[in-house]
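Peer 1: sequence and predicted structure, then a few things I'm wondering about:
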Amino acid sequence: MKYQIKQCVRCCESCHRSKIQRHTKTPLGTFSLPDARFTHIHIDIVGPLPSSEGLIYLLTIIDRFSRWPEAIPIPDMRAKTICRAIFNIWISRFGCPSVVTSDQGSQLRSSMFVEFTHMLGTQKIKTTP
């Protein structure tokens, strides 16, 4: 039966017209590195995870220059919680970033988070969903 299907496809004119002849691959983009460490960070939220003392999410922050990772346990995904974690954990140790890149999660598009980045003078970049 496999042979018969193969023969049918080989003889099918419309199959030959719609067949993709060349599979092209787009090269990876080149992105410039920031000038210094801790000036451009990427943030995302992981979870829900099994609860540990009521903390069920992780706010992940990665420095683009050094690739330094941080995983901050948080109890919820509210913008207020995220802003507080970034301020108390990241900014208190590494300073205020110039650029924050994130996905388009609702809490990262909220007016509170936008105001937070504006207050810090931080540019916000959104990735595609």
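Peer 2: Looks like it came in fine. Because the structure is predicted, anything quoted here is derived from the model rather than measured.

Peer 1: list the contacts of the residue lying closest to Thr81 once chain neighbours are set aside.
Peer 2: Excluding its sequence neighbours, the residue lying closest to Thr81 (C-beta to C-beta, 6 or more residues apart in numbering) is Ile74, at 5.1 Å. For glycine as for every other residue, the C-beta is placed from the backbone atoms N, C-alpha and C. Residues in contact with Ile74 (C-beta atoms under 8 Å, 6 or more residues apart in numbering) are 45, 55, 57-59, 81-82, 85.

Peer 1: pull the most distant pair out of the residues you listed.
Peer 2: Leu55 and Ile82 (13.3 Å; C-beta to C-beta).

Peer 1: more neighbours, those two?
Peer 2: Ile82 (25 against 14; other C-beta atoms under 10 Å).

Peer 1: wait, is Ile82 part of a helix?
Peer 2: Yes. Membership of Ile82 in a helix is supported by DSSP: H, G, I helix; E, B strand; the rest coil.

Peer 1: that one and Thr117, how far apart?
Peer 2: 11 Å (C-beta to C-beta, to the nearest Å).

Peer 1: check Pro34 too.
Peer 2: Taken as C-beta to C-beta, the span from Pro34 to Thr117 is 17 Å.

Peer 1: then Gly29?
Peer 2: Distance from Gly29 to Thr117, by C-beta to C-beta: 24 Å.

Peer 1: these two - which one has more neighbours?
Peer 2: Using other C-beta under 10 Å as the criterion, Gly29 and Thr117 rank with Thr117 on top: 19 against 5.

Peer 1: can you check the pLDDT for that one?
Peer 2: For Thr117, the model assigns a pLDDT of 89.

Peer 1: now Val99
Peer 2: In the predicted model, Val99 carries a pLDDT score of 92.

Peer 1: for it, phi and psi?
Peer 2: Per-residue torsions, Val99: phi -140, psi 140 (degrees, to the nearest 10).

Peer 1: tally of neighbours for the closest residue in space to it that isn't next to it in sequence?
Peer 2: Counting by C-beta to C-beta, 6+ apart, His40 is the residue found nearest to Val99 once chain neighbours are left out, at 4.3 Å. His40: 21 surrounding residues under other C-beta under 10 Å.
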